[in-house]
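*Asks:* What shape does this take:
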Amino acid sequence: MFRPLIALLLMLAPAALHAACEGSDLRGTLTEAEQAERSRMLAEIPFPAGNHWRATRGDEVIHLIGTMHLGDQRLDGPVERLVPLVESASTLLLEMTRADETQLQQALAADPGMLTLKDSSLPDLLPEETWQALAEAARDRGIPAILAAKFQPWYLSMMLATPPCAMAQLQGKTGLDKRLEDLAEGAGVPTRALESYDTVFRLFNAEPIEEQLEMLRTGILDTKTAEDQFATMFAAYFEEAHADTLVISRLIARRALPEAPAEVDKMMDETEAQLLVARNHAWIPVLLEAAEQSEEPVVAAFGAAHLGGTEGVLNLLADEGFSLTREAF
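*Replies:* Here you go, the predicted structure:
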């Protein structure tokens with residue numbers, strides 16, 4: 001199920017490109033048939049656009065902010081516009097707070113197996129030609145082959161989905177979610193996590209090693225392709241077109257993978273069900289509890305990919321009786 005995961009990873013956490021990156025927006029490469037399919041799919045997606053939505057039910061108010069997790073100077077405007085909202089909130093809900101990050105680092109130190117293979121290495125599990133291609137791609141991104149050899153396959157796949165020019169951004173703490181957390185802390189607004197700090201790690205590590213290895217084998221991206229995928233997701237984020245990232249990811253996966261389109265769609269559906277839909281449903285009780293317990297608005301900030309869709313956070317709140325209004329971002 002994880003073969004199209006590279007595209008989905010990019011969509012889940014759109015990343016800022018370093019100035020040296022020179023990717024092209026893949027939307028400009030779509031054929032006429034692909035453009036028609038894109039329009040058809042977008043028309044079927046509830047709440048396909050908008051990075052800031054207000055959900056109201058009686059006296060309960062939740063502001064939902066679609067974030068990107070890494071930094072870019074174009075976030076300055078949204079941050080400035082969101083200052084009054086965050087400072088007057090009762091609570092800021094995030095995918096992961098800094099306290100959760102500390103817990104995660106402690107857990108990784110106590111159990112390196114969350115990120116690394118325990119009883120084998122990738123050169124032992126992969127054909128020599130495949131391993132050498134992976135090792136070269138890792139070195140291009142500043143990851144020594146001896147270190148890459150011990151990574152869990154899913155984790156190395158995530159690293160290799162990032163073009164070399166953007167690797168430095170992975171260490172940054174200037175994404176929208178972190179900047180909103182800074183605002184909340186400065187204003188004395190409490191912050192909470194929407195889920196356990198190890199949720200995503202548990203999801204990935206639950207995948208059979210064979211499927212993780214297949215993801216690695218089929219997901220080696222050359223630098224140009226990686227930059228193009230980043231540029232596409234990046235552009236869509238600032239257009240507030242979060243559903244377009246899902247659609248383009250699916251169309252590019254259909255184009256790139258050898259399987260029939262129906263099989264590619266099935267794999268994408270399975271991946272989205274685990275990494276997006278299941279988490280969306282788990283977040284709803286957290287959002288409802290926070291809104292019910294407060295007289296002031298709640299602000300929730302999380303990856304923009306979670307907003308739209310039949311089982312996106314916005315539609316799930318609509319099912320709970322909330323009215324949704326798109327707000328300025």
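
*Asks:* Name all residues that make contact with Leu125.
*Replies:* The contact partners of Leu125, by CB atoms under 8 Å, 6 or more residues apart in numbering, come to Ile209, Leu213. Where you see a C-beta, it was placed from the backbone N, CA and C, and this is true even at glycine.

*Asks:* Okay, helices next: where are they in the stretch 201-329 of the chain?
*Replies:* Assigned by DSSP state H, counting those that start in this stretch, the stretch 201-329 of the chain shows helices spanning 209-218, 223-238, 242-256, 261-272, 278-292, 313-319.

*Asks:* Buried residues of the shortest one, list them for me.
*Replies:* Neighbour-count burial for helix 313-319 flags Val313, Leu314, Asn315, Leu316, Leu317, Ala318 (criterion: 16 or more other CB atoms under 10 Å).

*Asks:* do stretch 176-184 as well
*Replies:* By 16+ other CB under 10 Å, the buried positions in stretch 176-184 come out as Leu176, Asp177, Lys178, Arg179, Leu180, Glu181, Leu183, Ala184.

*Asks:* re the thing from before, may I see the buried residues of helix 313-319 organised as CSV, with pLDDT and distance to Ala99 added?
*Replies:* Shown next, in CSV, are the buried residues of helix 313-319 (pLDDT from 0 to 100; distance: CB to CB, whole Å):
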residue, pLDDT, distance to Ala99
Val313, 98, 23
Leu314, 98, 27
Asn315, 98, 30
Leu316, 98, 26
Leu317, 98, 26
Ala318, 98, 31
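
*Asks:* Now tabulate the residues you listed in TSV and tack on distance to Pro48.
*Replies:* Below are those laid out as TSV (distance: CB to CB, whole Å):
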residue	distance to Pro48
Val313	13
Leu314	10
Asn315	11
Leu316	15
Leu317	16
Ala318	14
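
*Asks:* Out of those residues, the closest to Arg279 would be?
*Replies:* Lowest distance from Arg279 to these (CB to CB) belongs to Val313, with 9.3 Å.

*Asks:* I figured the closest one hits Ala282, correct?
*Replies:* No - with contact defined as CB atoms under 8 Å, Val313 does not reach Ala282; the gap is 10.7 Å.

*Asks:* still on that earlier bit, reformat the helices of the stretch 201-329 of the chain as a markdown table; add distance to Thr199.
*Replies:* Shown next, in a markdown table, are the helices of the stretch 201-329 of the chain (distance: least, CB to CB, whole Å):
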| stretch | distance to Thr199 |
| --- | --- |
| helix 209-218 | 18 |
| helix 223-238 | 22 |
| helix 242-256 | 20 |
| helix 261-272 | 15 |
| helix 278-292 | 7 |
| helix 313-319 | 15 |
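
*Asks:* so which of these comes closest to Thr325?
*Replies:* Closest to Thr325 of these is helix 313-319 (CB to CB; 10.6 Å).

*Asks:* residues touching Phe201, list them.
*Replies:* So Phe201 contacts Leu104, Met114, Leu115 (CB under 8 Å, 6+ apart).

*Asks:* To clarify, my last question referred to Gly321.
*Replies:* Contacts for Gly321 (CB under 8 Å, 6+ apart) come out as Arg57.

*Asks:* for the one 4 residues further on, same thing?
*Replies:* Applying CB under 8 Å, 6+ apart, we find Thr325 in contact with Trp53, Arg54, Thr56.

*Asks:* count of residues packed around the last one?
*Replies:* A count of nearby residues for Thr56, using other CB atoms under 10 Å, gives 17.

*Asks:* And for the first one?
*Replies:* Counted by other CB under 10 Å, the residues lying close to Trp53 total 23.

*Asks:* Start from the N-terminal end of this structure and give the strands.
*Replies:* Assigned by DSSP state E, the chain shows strands spanning 52-57, 60-67, 91-94, 191-193, 298-303, 323-326.

*Asks:* who does the longest one touch, helix- and strand-wise?
*Replies:* Same thing as strand 60-67. Under the contact criterion of 3 or more CB pairs under 8 Å, 6 or more residues apart in numbering; DSSP states H and E, strand 60-67 touches strand 52-57, helix 176-187, helix 278-292, strand 298-303, helix 313-319.
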